[in-house]
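Colleague: fold the following for me, if possible:
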Amino acid sequence: DAKTPPMCFLHGDDDSHSPMGSVRIYHKLRTMGIPAELHVYAKRRHADLPKDSWKPTVWTWLCQMKFVGGASVRTSASACSPQDRNDKGWWAKRHADKLTEIERRKSMEVVFLGDSITHYWENGRHVANWRKWTDNPKRQVLNLGFSGDRTEHVLWRIAHGELDGYRAKAVVLMIGTNNTGSFKRAEEPPENVAGGVRAVLEAIRAKQPQAKIVLCAILPRGKEKDLVNDVPRRNDEANSLIRRSCDGKDVIWCDFGNRYLDDKGAVDIRLLPDLLHPSDDGYDVFAEAVFPIVDQILGLKEKNNEMQ
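Modeller: You can find the predicted model right below:
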């Protein structure tokens, strides 16, 4: 009747307690319009379901039914699956504003794509530094950095117009620090981060096949919670994996992370004051590493051996 609650059934197909009773109940619930799910695991006996599978399944169902709060369980596919953040008003507005900017400007030769490290460069207290490096009639630069974004959010933005309507010559990509910074190693290992970055590279190539991609290494992080969650090492491991996607021709590797470290190997607070985001001097380090490569792509200077 109307008081019957939603149900989620999990069974092994070798269960000595026949699952057919649950199957019949499941079908009855569906015919009554009561939410129900049924999951059957191959070659599993009673009370012998794989924990790494059934627990995420149940948690995701509980979240979908709004019995509990929080996001769905992180899986190996999460970093590669487009996801919006339209529940955040500022994020949806920035996306709409960027589409309007693209329509208005028509021509963008250089695109910076990323998270808050890219976003903050053109906004707030760093805007003068951004203009210092981009107010150049020979460089038509578009900033597509969104604070807090992970690889899946960049994939959504690419799929929804941010690389449409123009032909860029260079795309500068730095993404991944929020993948490692938002989750523990078990939830987001380096292999998953690298997979997300590769998916972004493929999406860029599909939308802007003529553009050269400058792939920047994930920068160092030094906050206490980052150290506890092994984020610096995971970023290093992810960098070693994503570097393999670079051929030195169409995708160019640019690693300047060591320039943000002091002589003891710790994050230099002069360059990353909050141990994550650059200061003006820190953005100068970014620009001095990236713009020579960009200018080579634009034909503004001769190539050198730094392109790899």
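Colleague: quick one: the helices in the stretch 151-300 of the chain, in order.
Modeller: Under the criterion DSSP state H, counting those that start in this stretch, the stretch 151-300 of the chain contains helices at 151-157, 177-182, 190-207, 224-228, 231-242, 280-298.
Colleague: figure out which of these is closest to T4.
Modeller: Across the helices of the stretch 151-300 of the chain, T4 has its closest neighbour in helix 151-157 (36.0 Å, Cβ to Cβ). Where you see a C-beta, it was placed from the backbone N, CA and C, and this is true even at glycine.
Colleague: neighbouring contacts of that closest one?
Modeller: Helix 151-157 has contacts (Cβ atoms under 8 Å, 6 or more residues apart in numbering) with 78-85, 95, 113-114, 144, 146, 149, 175-176, 179, 193, 196-197, 199-200, 203.
Colleague: state the mean pLDDT of that helix.
Modeller: For helix 151-157, the mean pLDDT works out to 97.
Colleague: tell me which residues in it are buried?
Modeller: T151, E152, H153, V154, L155, W156, R157 (16 or more other Cβ atoms under 10 Å).
Colleague: equivalent analysis for stretch 87-95, please.
Modeller: By 16+ other Cβ under 10 Å, the buried positions in stretch 87-95 come out as W91, R94, H95.
Colleague: now go through these and say which are in helices.
Modeller: In helices, defined here by DSSP state H, the members of the buried residues of stretch 87-95 are W91, R94, H95.
Colleague: thought the first one was touching F146?
Modeller: Yes - the pair W91 and F146 passes the contact test of Cβ atoms under 8 Å, sitting 6.3 Å apart.
Colleague: so where's the stretch 201-308 of the chain uncertain?
Modeller: Within the stretch 201-308 of the chain, the segments meeting pLDDT under 70 span 302-308.
Colleague: before we move on, the earlier item: where do the contact lists of W91 and F146 overlap?
Modeller: Between them, W91 and F146 share these contacting residues under Cβ under 8 Å, 6+ apart: R85.
Colleague: can you show me the strands along the chain?
Modeller: 7-12, 36-41, 110-114, 141-145, 170-174, 212-216, 251-254 (DSSP state E).
Colleague: can you count the residues close to R24?
Modeller: Residues within reach of R24, counting by other Cβ atoms under 10 Å, total 10.
Colleague: do you know how far the nearest residue to L173 once chain neighbours are set aside is from A217?
Modeller: Distances taken as Cβ to Cβ, 6 or more residues apart in numbering place L113 nearest to L173, at 5.0 Å, with adjacent residues excluded. Remark: distance between L113 and A217 (Cβ to Cβ, to the nearest Å) = 15 Å.
Colleague: between the two, which one's more packed in?
Modeller: Between L113 and A217, counted using other Cβ under 10 Å, L113 has the larger neighbour count: 26 against 21.
Colleague: so the more buried one bridges to which residues?
Modeller: On the basis of DSSP bridges, L113 is bridged to L144, L173.
Colleague: follow-up on the earlier one: just the buried ones among the contacts of helix 151-157, please.
Modeller: Among these, those classed as buried by neighbour count (16+ other Cβ under 10 Å) are 78-80, 82-85, 95, 113-114, 144, 146, 149, 175-176, 179, 193, 196-197, 199-200, 203.
Colleague: surely P278 is in contact with D268?
Modeller: No - P278 is not in contact with D268 according to Cβ under 8 Å; the separation is 10.3 Å.
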